[in-house]
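A.B. asks: Model the following, please.
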Amino acid sequence: MWIFDSYYKGCVHLWARDRGLSRTGIDYPPSFYLHLKDPHAYAEMIEALECLFRVEECSFKTIYGPLDGYRIYAERSVAEKIEKQTRYAAELYNVDVRRDQQYLAQQDLFPCGEQDESRFSPDFNSPLRLMELRFSGDPGRKREISGVEVCMERPRRLEGRERIVLSDLLEIIRVHDPDVILFPQADLWTQLMVEKAKRYSLDPSFSRSGWFRRMAARSYWSYGKVNHKDRGDTPDYVRRMQQELFDLLAEARSQEELQRIEPRAQEVHRRYMAELGEVDVRELAIHRRVSRLSYSRKCAEASAMKAHRKEGIPLAPGMEIGYVMRDAAKWAVDIERDAFEFDVAYYSKLLKKAWSEVAFVFLK
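C.D. replies: Just a heads-up that it's a prediction; the model follows:
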């Protein structure tokens with residue numbers, strides 16, 4: 001069973017490919033594990049819990065080793081009360097783990113792989129049926145579905161009146177029933193398709209479950225995750241210089257070879273600085289995802305959002321915007337498609353900063 005989606009809604013739902021599409025619903029009540037270093041000191045609390053909930057004495061494995069304790073079939077709120085009543089002496093496990101993830105771990109299942117494969121391997125064959133969509137126009141500026149290219153084994157182009165285009169698209173999706181649909185600006189186009197489908201009394205067939213969930217943007221860091229800085233907000237021109245420098249560094253196999261490469265690397269930096277004034281302005285666009293809709297201070301993102309609103313483009317958290325810095329001293333920017341000039345000094349600083357992040361390897 002090749003699982004490609006799981007969630008909890010009344011029960012644990014698993015979507016999988018197993019000789020065809022399968023959807024399984026498993027009743028899996030909430031539970032968590034409790035370990036007390038001195039269980040006799042909390043005997044009355046345990047008795048009270050047994051009167052209210054299903055409580056099982058058990059041994060369970062943790063990353064610190066096996067522990068003896070209890071499995072309590074109750075919601076998170078009960079765990080929080082136990083924590084307070086024991087004055088944080090209780091050790092609680094699985095309180096914050098999603099219920100579908102608990103089930104998968106208990107059954108020794110994992111997504112995106114067969115049971116005889118390694119769950120830690122980054123390489124796997126996907127049996128999923130894929131469809132790509134390429135819409136015409138800008139969903140933020142012109143809220144109309146006038147054309148779309150459907151990319152499968154045999155690409156198909158749909159054009160014409162909005163109702164007919166949308167009806168034909170939804171019928172193609174219904175017939176081919178893809179597991180994954182990929183398309184740029186999916187958050188905006190999906191919302192628009194749902195609204196238009198309701199207006200024309202069409203069945204939005206791209207949701208097998210019949211419901212949709214819009215993911216909010218996150219502006220916080222979460223523990224338990226490896227994070228890295230995405231180069232997606234780096235202008236193409238700066239990124240191209242970085243890539244040339246990385247390719248040079250990849251040739252070195254020792255500190256001595258690095259020293260011989262240094263003059264060539266410096267020449268790459270000088271060349272990009274010298275040619276900056278003649279670069280196509282579109283190569284200097286900065287792309288960011290909207291994380292908030294208002295700012296209390298002046299910054300490039302605030303100016304970019306103002307410029308988009310001025311053009312009548314609605315903004316929402318998670319939406320990607322592109323802009324070019326026209327005058328950094330005034331935080332003046334132009335949206336990507338309208339930009340025709342840029343602040344040379346500002347982009348020079350970006351090139352110098354990108355160089356400094358590489359140049360330290362040449363220090364003896």
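
A.B. asks: neighbouring contacts of stretch 325-338?
C.D. replies: Outside stretch 325-338, the residues that touch it by Cβ atoms under 8 Å, 6 or more residues apart in numbering are 282, 284-287, 298-300, 302-304, 307-308, 311, 313, 321-324, 339-343, 345-347. Using the backbone N, CA and C atoms, a C-beta is placed for each residue, glycine as well.

A.B. asks: can you map out the strands along the stretch 101-250 of the chain?
C.D. replies: 130-135, 147-151, 156-159, 180-182 (DSSP state E, counting those that start in this stretch).

A.B. asks: Check which helices and strands the shortest one sits against.
C.D. replies: Secondary-structure packing of strand 180-182 (3 or more Cβ pairs under 8 Å, 6 or more residues apart in numbering; DSSP states H and E): strand 130-135.

A.B. asks: Give me the sheet partners of the strand it packs on and which way each runs.
C.D. replies: Strands adjacent to strand 130-135 in the sheet, as given by DSSP bridges, are strand 147-151 (antiparallel), strand 180-182 (parallel).

A.B. asks: Out of those, which gets nearest to R208?
C.D. replies: Across the strands paired with strand 130-135, R208 has its closest neighbour in strand 180-182 (11.0 Å, Cβ to Cβ).

A.B. asks: State the mean pLDDT of that closest one.
C.D. replies: In this model, strand 180-182 carries a mean pLDDT of 90.

A.B. asks: Show me the contact partners of that strand.
C.D. replies: Strand 180-182 has contacts (Cβ under 8 Å, 6+ apart) with F4, L128, R129, L130, M131, E132, L133, I173, F206.

A.B. asks: can you put those residues in TSV and add neighbour count, distance to R157 and pLDDT?
C.D. replies: Listed next are the contacts of strand 180-182 as TSV, based on neighbours: other Cβ atoms under 10 Å; distance: Cβ to Cβ, whole Å; pLDDT from 0 to 100:
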residue	neighbour count	distance to R157	pLDDT
F4	16	28	89
L128	13	24	89
R129	14	21	89
L130	12	18	91
M131	18	14	92
E132	15	13	94
L133	21	11	94
I173	18	15	91
F206	19	18	78
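
A.B. asks: Which members of the residues you listed are the farthest-apart pair?
C.D. replies: Greatest spatial distance among the contacts of strand 180-182 (Cβ to Cβ): F4 and L133, at 18.9 Å.

A.B. asks: circling back: any chance of the strands paired with strand 130-135 in a markdown table, with mean neighbour count and distance to E278 too?
C.D. replies: As requested, those are exported to a markdown table (neighbours: other Cβ atoms under 10 Å; distance: least, Cβ to Cβ, whole Å):
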| stretch | mean neighbour count | distance to E278 |
| --- | --- | --- |
| strand 147-151 | 18 | 34 |
| strand 180-182 | 13 | 36 |
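
A.B. asks: possible to save those strands as a markdown table with distance to A16?
C.D. replies: Shown next, in a markdown table, are those (distance: least, Cβ to Cβ, whole Å):
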| stretch | distance to A16 |
| --- | --- |
| strand 147-151 | 25 |
| strand 180-182 | 14 |
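
A.B. asks: Figure out which of the ones you listed is closest to H35.
C.D. replies: Nearest to H35, of these and by Cβ to Cβ, is strand 180-182 at 41.0 Å.

A.B. asks: This structure - how does it break down into domains?
C.D. replies: The chain breaks down by automatic domain parsing into domains covering 32-93, 130-199, 230-364.

A.B. asks: what's the pLDDT at the spatially closest residue to R134 that is not a sequence neighbour?
C.D. replies: Excluding the flanking residues, the one nearest R134 by Cβ to Cβ, 6 or more residues apart in numbering is E149, at 4.3 Å. What the model reports for E149 is a pLDDT of 94.
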